[in-house]
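# Here is a sequence together with a model predicted from it:
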Amino acid sequence: MDLVSVAKETFGFSGAQLESVANEAAILAMREQMQKIQHRHFIEAIDKVILGEKLECRPDKDELWRVAVHEIGHALASELWRPGSVSIITTTPRGKALGYMRQSPERDSYLYTQEYLEGQIAIMVAGAAAEEIVLGNRSTGSANDFQQAIEASKRIVAAGMSSLGVVSLDDLPAGLLHKVIQQIIADQQEHVKQQLSLQRELLTALAEILLLEEKLTGDFLRCQLFGEAKENIA
């Protein structure tokens, strides 16, 4: 067990959530008739507590390939904008997600800079950008990503960090707010698409590995992207 790693992965969890993680890890170990709970049981338990149960139905091969490309897009952007941030990338469907990229939280933050929020928007739209680069089009799998990007853009506008300067969201004409939000997101889409296009071969290769293995660690991703010491795939 690497309890320091588990502590990092559960940063910000409540006591009840930590109890759930421990219980779920124990259940997973018992199902395998293990005598001891192993580190991998805790990691899977964290995913379950955050995202919910695994889905019984599985997407077909073409959809899984799209999911793999989408999640690797998120992960590469996360590492390019926030080095060391990726924890797990997987095509395992849980809850409402067909796949997901989980970041390792570092600290509690109450204030955000424009640079930080724009970086988050870039990471949010990177899945759709990866689909466009590799597959030539987007899918409805990006809908929630764009909704989150819209909310982050609203925070930029509300904090007076947009081209409008200091304004009141309530007093802005809806059309003008929409136009500014569109521009903020479009700028980050263009930026992230340029960066991922430079990494197209790696993007495709990692998506192929993810499709085969179903789960990759952030350490493995960083090894491929930055040439760090190689770690286990998952």
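Noted; the coordinates are in hand.
# any idea how far Ala158 is from Lys179?
Between Lys179 and Ala158 the computed distance is 16 Å (C-beta to C-beta, to the nearest Å). Bear in mind the C-beta positions are built from the backbone N, C-alpha and C, glycine included.
# How about Gln33?
Gln33 is 54 Å from Ala158, where distance means C-beta to C-beta.
# Of those two, which one has the most company?
Ranked by neighbour count (other C-beta atoms under 10 Å), Gln33 and Ala158 place Ala158 first, with 15 against 6.
# Number of residues surrounding the residue nearest to Gln114 when sequence neighbours are not counted?
Leaving out its chain neighbours, the residue that sits closest to Gln114 by C-beta to C-beta, 6 or more residues apart in numbering is Met161, at 4.2 Å. A count of nearby residues for Met161, using other C-beta under 10 Å, gives 18.
# wait, is Met161 part of a strand?
No: looking at Met161 with DSSP: H, G, I helix; E, B strand; the rest coil, it is coil, so not inside a strand.
# which residues of this protein fall in helices?
In the chain, the segments counted as helices under DSSP state H are 3-9, 15-31, 39-51, 61-81, 114-135, 143-158, 174-198, 200-213, 218-226.
# As JSON lines, these with mean pLDDT would be great.
Converted to JSON lines, the helices of the chain look like this (pLDDT from 0 to 100):
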{"stretch": "helix 3-9", "mean pLDDT": "85"}
{"stretch": "helix 15-31", "mean pLDDT": "94"}
{"stretch": "helix 39-51", "mean pLDDT": "88"}
{"stretch": "helix 61-81", "mean pLDDT": "95"}
{"stretch": "helix 114-135", "mean pLDDT": "96"}
{"stretch": "helix 143-158", "mean pLDDT": "95"}
{"stretch": "helix 174-198", "mean pLDDT": "96"}
{"stretch": "helix 200-213", "mean pLDDT": "95"}
{"stretch": "helix 218-226", "mean pLDDT": "92"}
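# quick one, domains of this structure?
Following automatic domain parsing, one finds the domains of the chain at 3-51, 61-226.
# Just name the most buried of the ones you listed.
A comparison of the domains of the chain by mean neighbour count, using mean count of other C-beta atoms under 10 Å, puts domain 61-226 on top with a mean of 18.
# Now the residue nearest the centre of the chain. Nearest residue, chain neighbours left out?
Central residue of the chain (C-alpha atoms, centre = their mean): Met101, 3.5 Å from the mean position. Counting by C-beta to C-beta, 6+ apart, Met101 lies nearest to His74, which is 4.2 Å off, once chain neighbours are set aside.
# so what's that neighbour up against?
Listed by C-beta atoms under 8 Å, 6 or more residues apart in numbering, the contact partners of His74 are 89, 101, 123-124, 126-127, 130.
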